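**Student:** I'd like to go over a predicted model; first the sequence, then the structure.
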There are 2 protein chains.
Amino acid sequence: MSLTIKLQLHSHLNINNKTNHANKLIKNNTLFYNTKFLPKPIFHNNPIIITKSKKVKRRMQESFMIKSSLIEPDGGVLVDLVVPENERDSKVVEAKSLPNVKLTKVDYEWVHVICEGWASPLKGFMRENEYLQSLHFNSFRLNDGSFVNMSLPIVLAIDDETKGRIGSSSNVGLIGPDGDCVAILRSIEIYKHNKEERIARTWGTTAPGLPYVEEVIAPSGNWLIGGDLEVLKPIKYNDGLDNYRLSPKQLREEFDRRKADAVFAFQLRNPVHNGHALLMNDTRQRLLDMGYKNPILLLHPLGGFTKVDDVPLDVRMEQHSKVLEDGVLDPETTIVAIFPSPMHYAGPTEVQWHAKARINAGANFYIVGRDPAGMGHPTEKRDLYDPDHGKKVLSMAPGLEKLNILPFRVAAYDTKVSKMAFFDPSRSKDFLFISGTKMRSYAKSGENPPEGFMCPSGWKVLVNYYESLQTEEASQQAVLSA
Amino acid sequence: MSLTIKLQLHSHLNINNKTNHANKLIKNNTLFYNTKFLPKPIFHNNPIIITKSKKVKRRMQESFMIKSSLIEPDGGVLVDLVVPENERDSKVVEAKSLPNVKLTKVDYEWVHVICEGWASPLKGFMRENEYLQSLHFNSFRLNDGSFVNMSLPIVLAIDDETKGRIGSSSNVGLIGPDGDCVAILRSIEIYKHNKEERIARTWGTTAPGLPYVEEVIAPSGNWLIGGDLEVLKPIKYNDGLDNYRLSPKQLREEFDRRKADAVFAFQLRNPVHNGHALLMNDTRQRLLDMGYKNPILLLHPLGGFTKVDDVPLDVRMEQHSKVLEDGVLDPETTIVAIFPSPMHYAGPTEVQWHAKARINAGANFYIVGRDPAGMGHPTEKRDLYDPDHGKKVLSMAPGLEKLNILPFRVAAYDTKVSKMAFFDPSRSKDFLFISGTKMRSYAKSGENPPEGFMCPSGWKVLVNYYESLQTEEASQQAVLSA
């Protein structure tokens, strides 16, 4: 399931490009969702229709409007938990005096995510009341009665020994994977880590073979520790990619600097092929047709934990650069940045997190495709999730009402014109769906995919990567057989 | 785990009977939640505290108030799906002309639940958009943007053969377990029944041995059929207990007739012992102390599917009658009625359903104890759920804000006074916790429990039941060995 470039048919998603109709609808700088010129979000309207007064009906209509202004962070204020530089030294001294908790690489990625406000209004690893709300309701209720989305438990696990060492201390120091003290967790609460329940409610399965479960949850301790986070200095990885790691605050500043009047986010963890590019360019054109003057694309590859057969981040970033250098995407209207979250592969539950985090980063449009954050079932020969559930759940999710969800159109290789094009069901035989497995087998064998599938310089990055893998494998085998 | 009379320690739940303080607080006919005279709902306040304006803070305080007026059904209107008598004949003719779906006993119980409005505003078996919201968010968003709670998927499963027979028909007739046509399901939608995902997200486990899963879900079909329900005549079971099956409408009328100014509901599926009675009587006294003039207890045993080792409904109803006849509970201020829902044993997910259904029945106070709707883990030696999660989740659940949650105090047998009393941790050695297993072993062996544990006439009902079981077993064994 690596390189999962999924290009399959959504026969019910039809886009009719009715520009005039669209233009009429953007008076007052608002747009209606259920218009014909965008793929119709199938379940955005609410399920139980109760006859209501005219006033309520008007409120209903208002709630279906697209807000064209850029978007407020969840909870109203973007969380920023990095301590000011002038307090740093004293906090480091304090942190070192506290009982400590060692972070794994993935824990450290979550510290990064939390401290920059991607999970706003969350201010630290979840305490039990937050954890339970996330697990049962995929959302938090704020004190004003409103909801923010929070679909993944963002938690820190500790083992019995660490719990014992912490004793009755109310604060702990967090030690990064390289041994540095990176943060303080304050007013802590320690509660049971029921892994089975967490896994079942997050993934909707407990089948063995879920990457995040096997690599992160299974080896982790039987306790969770929540509290308020204070991070001692900005999180860096020193891998040559830190410049791409723009925080939500930096992204918002960049959108302002570019005078964006719409930002559409594209989450990905795979190389960009020309089908993706078509989709992104088409989305931009549609936003222009709607009356936006300067829609900006946030091309936002996920930078945290991914499963072992996904293409590594550095290779993907190089591939994305080529796509921009080649002009497949326009650098003037595109921002490429890294989304620092680890990947759960938890389908409809996780896609909410992906969307919610982009609200905090300032994107007011979110593109969603087939089977977002999905994968094959680890033990059965089927997709783990219904490929349509991701976008349906996204359109219903509490706390995501203010985000405009743009369902994918399906692109495939059109053999008649030798390029990636939107799939036309009336001549389905002309289209070639190139699966991730197929693409990988091309790259491994050195064979080229059909011309027009991906820009040649981007393709070369992948070929080089798979060649290097094979060289590595061969040398490992040589060592083993020596 | 049958007869689970759970009497275990909640050391953090302390009730200080500060009547004067309480009386002060009920001016304006409202009560504050966080007062000292009620067990403190530990997580009713919200987890993420964000500094807000005074106006927002005032709104926050208002949202913590207890409403003392009786309660509106979810969605504003109590659903009633039984067709008027003058339309019945023509609807029966229509129903018989439609493709039919055979209902199991449990399906029939759900038809009962839906048609009387226990699940208001749900108007039929869930369509996919309702199912997904229930599964992921435990709630539905209404068209006015508000939420109602809906934690259990209320769905109807069909097999491939039935799906084939239905074809493209948009309505189907539902056939009851006794072969009668009982309802029409209109504007149907058929969608996949992913049992694994449903089980994992509902129970938080996929371990084998969950009673509802084994007996209801596992044998059911791979499709779900949703639609709007029209029930052809009131649901009856003709088991001598139909008089106890008061609909939410009838209960509301009865509360009005009795001029109740507070209704507190007690959900149970076990015999009532004197610890329960103490708790219910104490709750009534507290409501009187708060200023209510006529609090009415709704003693509300669950009447649908239960697991095989639970005490059957008819025996429980007889036992409850004895408790009232004996004056352990006051018939003047108690209504005993049957809650027709099947039991899932799904802990924190299910307790929300139990509470939500009682909102629709007109109860504005709901008593919740240790491990509500819980059971032992089917394959591990532990409770399936954290015993405290039920009341925590209940206090956080979207759509239940208007219901006043009353956490249990723990009662146990006080050997110093030879009766059931609230547990006093300062002299814990004086208390005897009589588990369900222990109680059952008393009843089976004909041994009496400590005096004062249960009223003698109620106890006799149980002894007779277990004796009849043993006679039955003996005669079955005689047949087998003959």
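**Tutor:** All right, it came through fine. Numbers count the residues shown, from 1 in each chain, chains lettered A, B, ... in the order given.
**Student:** which sections of chain A are below the confidence cut-off?
**Tutor:** Counting by pLDDT under 70, chain A has low-confidence residues at A:1-69, A:480, A:482.
**Student:** longest helix of it?
**Tutor:** When chain A is scanned for its longest helix (criterion: DSSP state H), the result is helix A:456-481.
**Student:** what packs against that helix?
**Tutor:** With contacts defined as 3 or more C-beta pairs under 8 Å, 6 or more residues apart in numbering or on different chains; DSSP states H and E, helix A:456-481 has these neighbours: helix A:313-325, helix A:436-445. Just so you know, the C-beta spots here come from the backbone N, C-alpha and C atoms, and that holds for glycine as well.
**Student:** residues of it that come out buried?
**Tutor:** Residues A:458-459, A:461-463, A:465-466 are the ones in helix A:456-481 that count as buried (16 or more other C-beta atoms under 10 Å in any protein chain shown).
**Student:** and what of stretch A:358-377?
**Tutor:** Neighbour-count burial for stretch A:358-377 [16+ other C-beta under 10 Å]: A:358-375, A:377.
**Student:** Run the chain-centre distance for it.
**Tutor:** With C-alpha atoms, centre = their mean, to the nearest Å as the basis, stretch A:358-377 stands 6 Å off its chain's centre.
**Student:** before we move on, what about stretch A:207-217?
**Tutor:** With C-alpha atoms, centre = their mean, you get 19 Å for stretch A:207-217.
**Student:** Spell out which parts of the stretch 301-450 of chain A neighbour chain B.
**Tutor:** Residues of the stretch 301-450 of chain A found near chain B, taking C-beta under 8 Å from any C-beta of the partner chain as the criterion, are A:348-349, A:385-386, A:389, A:392-393, A:396-398, A:401.
**Student:** quick one: A:Thr379 from A:Pro208, how far?
**Tutor:** 7 Å (C-beta to C-beta, to the nearest Å).
**Student:** Check A:Ser468 too.
**Tutor:** A:Ser468 is 31 Å from A:Pro208, by C-beta to C-beta.
**Student:** Does A:Ser170 fall in a helix, a strand, or a coil region?
**Tutor:** With DSSP: H, G, I helix; E, B strand; the rest coil as the basis, A:Ser170 sits in coil.
**Student:** For it, which residues are in contact?
**Tutor:** Contact analysis of A:Ser170 by C-beta atoms under 8 Å, 6 or more residues apart in numbering or on different chains lists A:186-188.
**Student:** gap between it and chain B?
**Tutor:** Using C-beta to the nearest C-beta, to the nearest Å, A:Ser170 is found at 17 Å from chain B.
**Student:** ok, now A:Ser139?
**Tutor:** For A:Ser139, the distance to chain B - C-beta to the nearest C-beta - is 7 Å.
**Student:** centroid residue for chain A?
**Tutor:** Centroid-nearest residue in chain A, with C-alpha atoms, centre = their mean: A:His354, separated by 3.2 Å.
**Student:** hang on, it packs against A:Ile367?
**Tutor:** No - when contacts are counted by C-beta atoms under 8 Å, A:His354 is not listed as touching A:Ile367 (10.5 Å).
**Student:** what is in contact with these two at once?
**Tutor:** When contacts are counted by C-beta under 8 Å, 6+ apart, the set common to A:His354 and A:Ile367 consists of A:Gln267.
**Student:** so where's the longest strand in chain A?
**Tutor:** strand A:181-192 (DSSP state E).
**Student:** Make sure I have this right: A:Pro378 is in a strand.
**Tutor:** No - read with three-state DSSP, A:Pro378 is coil and lies in no strand.
**Student:** Just give me the neighbour total for it.
**Tutor:** A:Pro378 sits with 17 neighbouring residues when counted by other C-beta atoms under 10 Å in any protein chain shown.
**Student:** isn't it right next to A:Val213, touching?
**Tutor:** No - using C-beta under 8 Å, A:Pro378 is not in contact with A:Val213; the gap is 9.1 Å.
**Student:** which residues in the stretch 1-150 of chain A form strands?
**Tutor:** Along the stretch 1-150 of chain A, the segments classed as strands by DSSP state E, counting those that start in this stretch run A:30-32, A:65-67, A:100-102, A:139-141, A:147-149.
**Student:** who's in contact with A:Ser468?
**Tutor:** A:Ser468 makes no contacts at all, as judged by C-beta under 8 Å, 6+ apart.
**Student:** nearest residue to the closest residue to chain B within the stretch 201-350 of chain A other than its sequence neighbours?
**Tutor:** The nearest approach of the stretch 201-350 of chain A to chain B comes at A:Gly204, 3.8 Å away (C-beta to the nearest C-beta). In this structure, A:Gly204 finds its nearest non-sequential neighbour in B:Glu197, 3.8 Å apart by C-beta to C-beta, 6 or more residues apart in numbering or on different chains.
**Student:** dump the residue contacts of the one you found.
**Tutor:** Listed by C-beta under 8 Å, 6+ apart, the contact partners of B:Glu197 are A:204-205, A:385, B:135.
**Student:** In these, find the pair that's most separated.
**Tutor:** Within the contacts of B:Glu197, two members stand farthest from each other by C-beta to C-beta: A:Thr205 and B:Leu135, at 12.9 Å.
**Student:** Within range of chain B, give me the residues from the stretch 51-200 of chain A.
**Tutor:** Residues of the stretch 51-200 of chain A lying close to chain B by C-beta under 8 Å from any C-beta are A:52, A:56-57, A:59-60, A:63, A:75-77, A:121-123, A:127-130, A:132-133, A:135-145, A:147, A:151, A:192, A:194, A:196-197, A:200.
**Student:** Please pick the buried ones from these.
**Tutor:** Members of these classed as buried by 16+ other C-beta under 10 Å are A:52, A:56, A:60, A:63, A:75-76, A:121-123, A:127-130, A:132-133, A:135-144, A:147, A:151, A:194, A:196-197, A:200.
**Student:** And the closest residue in space to A:Glu380 that isn't next to it in sequence, its phi and psi?
**Tutor:** Distances taken as C-beta to C-beta, 6+ apart place A:Ala207 nearest to A:Glu380, at 7.6 Å, with adjacent residues excluded. Backbone torsions of A:Ala207, given as degrees, to the nearest 10, read phi -60, psi 140.
**Student:** list the contacts for A:Ala207?
**Tutor:** Shown in contact with A:Ala207 (C-beta under 8 Å, 6+ apart): A:377-380, B:196.
**Student:** now do A:Met150
**Tutor:** A:119, A:122, A:130, A:133-134, A:138-140, A:353, A:356, A:399.
**Student:** Give me the subset of the residues you listed lying in helices.
**Tutor:** A:130, A:133-134, A:353, A:356.
**Student:** Would you agree A:Leu298 is in contact with A:Asn364?
**Tutor:** No - counting by C-beta under 8 Å, A:Leu298 does not reach A:Asn364; the two are 10.4 Å apart.
**Student:** any residues in contact with both of these two?
**Tutor:** A:263-264.
**Student:** and the residue nearest to A:Pro378 when sequence neighbours are not counted, which of the three is it?
**Tutor:** Nearest residue to A:Pro378 in three dimensions, chain neighbours excluded: A:Gly209, at 2.9 Å (C-beta to C-beta, 6+ apart). The local conformation at A:Gly209, judged by three-state DSSP, is coil.
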